[in-house]
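In: everything below, folded, please.
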Amino acid sequence: MIRRFPLLRSANDLAALVNEVGFVPFFINEIPGFSIEESTPGELWFEEGADGPWEWKDRTIQGAGCAYGKFYRGRAMYISREWFPDFCNYRRDGYDFEGFYNDGHAGKRDKRLLDALAETGPAQARDLKRQAKFDKDERRGFDGLLTRLQMQTFLLIDGIEYRTDRFGQRYGWGVCRYATPEQRFGEGFLAEAYEREPKESGQRILEQLHKLLPDASESALAAVLGKGPS
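Out: Numbering: from 1, shown residues only. Model prediction:
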């Protein structure tokens with residue numbers, strides 16, 4: 001297995017890497033070595049009592065102050081606070097959500113979910129379904145709705161919440177808490193990037209990716225950048 005990043009043994013290692021390079025996918029992908037999966041010792045994955053990448057998620061999100069979500073081909077990727085505004089500007093094509101919706105680029109379910117999130121603040125999926133008053137039919141494909149909004153950067157994972165036992169020890173799989181980037185980072189977070197044309201933001205990101213991945217193909221780098229301005 002190829003390892004492009006330094007060996008990762010802790011959430012602190014991962015947080016430092018995210019802030020250093022800007023873009024860190026969770027899983028193996030078409031660019032060899034460009035993932036946490038390839039940079040972490042095998043014994044830290046799914047081993048009983050191991051403290052590995054699955055357990056590091058919340059500590060990395062909070063420790064790095066970064067964005068985390070399904071940003072790369074519908075799969076998880078960390079993006080540093082430095083680079084996420086340009087990433088949003090490019091992926092959103094310079095829109096805020098209201099403009100995006102009014103111009104016909106988002107559906108009514110999308111709007112109801114984000115309106116519910118505005119009312120609740122950061123929340124788990126089950127609470128958003130309830131707040132948005134989605135009926136049984138509307139709840140079908142809900143995971144796909146969450147993924148699409150993350151790919152468009154109108155939604156991210158703000159943290160991971162765990163159940164705890166009577167001794168205060170957490171157990172079970174963590175549950176994602178969702179938020180908008182504006183809720184996580186503040187309403188003015190995107191202002192500087194939004195002064196640029198979306199294509200300029202995209203070019204800035206490609207230049208960073210070229211430095212990080214000099215031997216990757218143009219098509220592979222374009223996949224990391226994703227769909228943006230038409």
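
In: neighbours around the residue lying closest to I79 once chain neighbours are set aside, how many?
Out: In space, and not counting its chain neighbours, I79 is closest to A67: 4.6 Å by CB to CB, 6 or more residues apart in numbering. C-betas here are computed from N, CA, C, even on glycine. By the criterion of other CB atoms under 10 Å, A67 has 26 neighbours.

In: was I right to think A67 contacts P181?
Out: Yes. Counting by CB atoms under 8 Å, A67 touches P181, with 6.7 Å between them.

In: who touches both of these two?
Out: 84, 156 (CB atoms under 8 Å, 6 or more residues apart in numbering).

In: F100 is in contact with A106, correct?
Out: Yes. A106 is within contact range of F100, at 5.3 Å (criterion: CB under 8 Å).

In: what is in contact with those two at once?
Out: With CB under 8 Å, 6+ apart, A106 and F100 have common neighbours 152, 154.

In: check contacts around the residue nearest to I79.
Out: Applying CB under 8 Å, 6+ apart, the residues near A67 are 78-81, 84, 87, 156, 181, 184.

In: repeat for A220
Out: 30-31, 213.

In: so what's K227 up against?
Out: The contact partners of K227, by CB under 8 Å, 6+ apart, come to 91, 151.

In: send me the longest helix along the chain as CSV with only the CA atoms.
Out: For the chain, the helix with the greatest residue count under DSSP state H is helix 198-212. Provided in CSV are the C-alpha atoms of helix 198-212 (Å, rounded to 0.1, in the frame of the first residue of the first chain):
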residue,chain,number,x,y,z
PRO,A,198,-15.7,31.0,-8.6
LYS,A,199,-13.4,29.9,-11.4
GLU,A,200,-10.6,31.9,-9.7
SER,A,201,-11.2,30.0,-6.5
GLY,A,202,-11.1,26.7,-8.5
GLN,A,203,-7.8,27.7,-10.0
ARG,A,204,-6.3,28.5,-6.6
ILE,A,205,-7.3,25.0,-5.3
LEU,A,206,-5.9,23.3,-8.4
GLU,A,207,-2.6,25.0,-7.9
GLN,A,208,-2.6,23.8,-4.3
LEU,A,209,-3.4,20.3,-5.4
HIS,A,210,-0.7,20.3,-8.1
LYS,A,211,1.8,21.2,-5.3
LEU,A,212,0.5,18.4,-3.1
